[in-house]
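Chemist: Sequence and predicted structure, then a few things I'm wondering about:
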Amino acid sequence: MSSSQYERELKNILEGEIKILDKITKTCTALEKDNYFKIKNKPFAVIRAAGSMGVDLVATRGNISFLTEVKTSVEETLHFSSISGKLQNKLKK
């Protein structure tokens with residue numbers, strides 16, 4: 001799956017989209033599913049951010065806001081140190 005597909009999926013989860021929540025919780029236990037569906041009670045307003053400023057999604061709800069950058073890799077685990085410190089430096093900015 002490409003990073004833009006992950007962005008869209010995360011956006012839909014944070015917005016409490018029933019169709020996506022049903023899709024991603026098919027193999028979850030009843031408790032896990034209930035926890036995912038709690039987002040319906042108080043969803044986030046989410047905007048996909050365009051450009052290359054290191055932010056893919058902006059989510060806000062009440063007095064909570066956060067910026068998210070979505071990364072994908074062919075590797076099983078993505079380590080922030082895997083690119084000669086470039087990502088750590090970016091994170092500090």
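Modeler: Ah, there it is.
Chemist: For the chain, which segments count as strands?
Modeler: When assigned using DSSP state E, the strands of the chain occupy the ranges 45-48, 57-61, 64-68.
Chemist: Of those, which stretch is the most buried?
Modeler: Highest mean neighbour count among the strands of the chain (mean count of other Cβ atoms under 10 Å): strand 57-61, with a mean of 16. C-beta coordinates here come from the backbone N, C-alpha and C atoms, glycine included.
Chemist: which residues sit in contact with the closest residue to residue 6 other than its chain neighbours?
Modeler: Taking Cβ to Cβ, 6 or more residues apart in numbering, and ignoring the residues beside it in sequence, residue 6 has residue 70 as its nearest neighbour in space, at 5.0 Å. For residue 70, the contacting residues are 3, 6, 7, 10, 56, 57, by Cβ atoms under 8 Å, 6 or more residues apart in numbering.
Chemist: Point out where this protein drops to low pLDDT.
Modeler: Low-confidence segments of the chain (pLDDT under 70): 1-2, 51-53, 77-93.
Chemist: Mind naming the longest helix for it?
Modeler: Identified as the longest helix of the chain according to DSSP state H is helix 3-14.
Chemist: which parts of that one are buried?
Modeler: When neighbours are counted by 16 or more other Cβ atoms under 10 Å, the buried residues of helix 3-14 are found to be 7, 8, 9, 10, 11, 12, 13, 14.
Chemist: so how far is that helix from its chain's centroid?
Modeler: Put simply, helix 3-14 sits 6 Å off its chain's centre (Cα atoms, centre = their mean, to the nearest Å).
Chemist: Stretch 7-15 now?
Modeler: Relative to the centre of its chain, stretch 7-15 is centred 6 Å away, using Cα atoms, centre = their mean.
Chemist: what's in contact with that stretch?
Modeler: Under the criterion Cβ under 8 Å, 6+ apart, residues 19-21, 24, 36, 39, 43-46, 48, 56-57, 59, 68, 70 lie in contact with stretch 7-15.
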